[in-house]
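> generate coordinates for the sequence data below:
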Amino acid sequence: MSAAGVPGLAALSDDPTPELVRDLLHGVIDPELGVDIVELGLLREVTVRAGVARIRFTVTTPACPLTGYIEDEIHACLQQAPALRQVLVESELEPPWKPEDMSEVARAALGWD
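Now for the predicted structure:
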């Protein structure tokens, strides 16, 4: 019998939604700013297909020494995502991050309001 034929198991075999993955990524905190990458506007794109999550993010400056750290934290954070068999993370610098990318939550946390 397939997972689809057993009540409750079909849901476990489905890909997590990009929204769920994005919610989990609130757990990735920029250690210099103390705010998560979602609220900072560093998360560019989340896609999930066939158990593979593709995450694109940026950093606040091109010379940011934390790029590798953030990549590692994304991988660690998404280990808790149901049904993900692989996480692909890509950093990008274009378009460059700007303060307007931050949410109101981040702006308030950093005293920008």
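> just give the nearest non-adjacent residue to His26, would you?
Leaving aside its sequence neighbours, His26 sits nearest to Asp36 (C-beta to C-beta, 6 or more residues apart in numbering; 4.7 Å). C-beta coordinates here come from the backbone N, C-alpha and C atoms, glycine included.
> how about the nearest residue to Ser91, chain neighbours excluded?
Spatial nearest neighbour of Ser91, chain neighbours left out: Thr67 (5.2 Å); criterion: C-beta to C-beta, 6+ apart.
> past the helix or strand bottoming out on mean pLDDT in the chain, which element shows up next along the chain?
Here the helix or strand of the chain ranked lowest by mean pLDDT, DSSP states H and E is helix 9-13, holding a mean of 47. The helix or strand immediately downstream of helix 9-13 is helix 18-24, counting by DSSP states H and E.
> quick check: buried residues in that following helix?
Using 16 or more other C-beta atoms under 10 Å as the test for burial, helix 18-24 gives 18, 20-21, 24.
> so what pLDDT did the residue nearest in space to the middle of the chain get?
When C-alpha atoms, centre = their mean is applied to the chain, the residue found nearest the centroid is Leu25 (3.9 Å). Looking at Leu25, its pLDDT stands at 97.
> likewise Asp113?
Looking at Asp113, its pLDDT reads 73.
> is it true that it touches Glu104?
Yes: using C-beta atoms under 8 Å, Asp113 is in contact with Glu104, at 7.4 Å.
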